[in-house]
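Undergrad: When you get a sec, could you give me coordinates for this:
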Amino acid sequence: MLTQPMHLKGAGLVVNPVEGSRLACTLKCLLGLGEEEAHVLAHLLVDGEATASQLAEETGRSVEVVRRALRRLYRRGLVERRPYPLRRGGRAYLYRAPPGLRQAVLRLCSEASRAVSPGEGGGWPRGVQA
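TA: Residues are numbered from 1 along each chain as shown. The predicted structure follows:
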C-alpha cells in the first residue's frame, strides 16, 4: 500500500496515497498486473525513474520484492532499464516507464471516466445502476 505522497516530477504535482493506490488498482485492471507490479509501476509513472532500492524505500516493500516485480515488468516491456554504476563498484539498474505509457494510461482513464460520467453522453448502460 502506498503510504507516502508521490511527486510528479517536472509538473509540480503531488499524488496523495489514496490517488496512488487508485492508480495502482487501475493498472492492475488495465494491464493485468499483480499487486506488487502495479504499485512499482505506479511509482515509476509518477516519479520518473528510480533504482530498485529507491523504489523499495518509497513503496515500503523489501528490495527483493521490488526486484521481482521489476523483472516481471521488464519481461512484459512495461519498464525500461539502463545500467547505473555504483560508487563502490558494481552496478544497479535505473528503471523507468517507457515514454508514452503514462500518456496512454491517462488517456484510457479519461475515456473511462467520460464513459461513466452522467450527463455528457456518458453514463451507465441502460438497466445498470451505480
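Undergrad: wait, what's in contact with the nearest residue to L55 once chain neighbours are set aside?
TA: Excluding the flanking residues, the one nearest L55 by C-beta to C-beta, 6 or more residues apart in numbering is V66, at 4.8 Å. All C-beta spots, glycine's among them, are computed from the backbone N, C-alpha and C. Contacts for V66 (C-beta atoms under 8 Å, 6 or more residues apart in numbering) come out as 36, 40, 52-53, 55-56, 59.
Undergrad: try 7 Å this time
TA: Applying C-beta atoms under 7 Å, 6 or more residues apart in numbering, we find V66 in contact with 40, 52, 55-56, 59.
Undergrad: Quick one: mean pLDDT for the helix or strand that L30 is a member of?
TA: Secondary structure assignment for L30, by DSSP states H and E: helix 17-31. Per-residue pLDDT over helix 17-31 has a mean of 77.
Undergrad: Repeat that for stretch 103-110.
TA: Mean predicted lDDT for stretch 103-110 stands at 78.
Undergrad: got it, and stretch 66-85?
TA: Averaging pLDDT along stretch 66-85 yields 95.
Undergrad: Pull out the buried residues from the helix or strand where the residue nearest to L55 lies.
TA: Taking DSSP H and E as the definition, V66 sits inside helix 63-75. For helix 63-75, the neighbour count (16 or more other C-beta atoms under 10 Å) marks 65-70, 72-73 as buried.
Undergrad: And for the helix or strand containing L55, what's in contact with it?
TA: Secondary structure assigned from DSSP H and E places L55 in helix 52-59. Residues outside helix 52-59 that contact it (C-beta under 7 Å, 6+ apart): 2, 4, 39-40, 43, 62-63, 66-67, 70, 92.
Undergrad: now that helix, how far from the centre of its chain.
TA: Counting by C-alpha atoms, centre = their mean, to the nearest Å, helix 52-59 is centred 13 Å from the centre of its parent chain.
Undergrad: quick check: mean pLDDT across it?
TA: Helix 52-59 comes out at a mean pLDDT of 92.
Undergrad: re the thing from before, following the chain onward from the helix holding V66, which element is next?
TA: strand 80-85.
Undergrad: Against which helices or strands is that following strand packed?
TA: Using 3 or more C-beta pairs under 7 Å, 6 or more residues apart in numbering; DSSP states H and E, the elements in contact with strand 80-85 are strand 91-96.
Undergrad: Nothing else from me, thank you.
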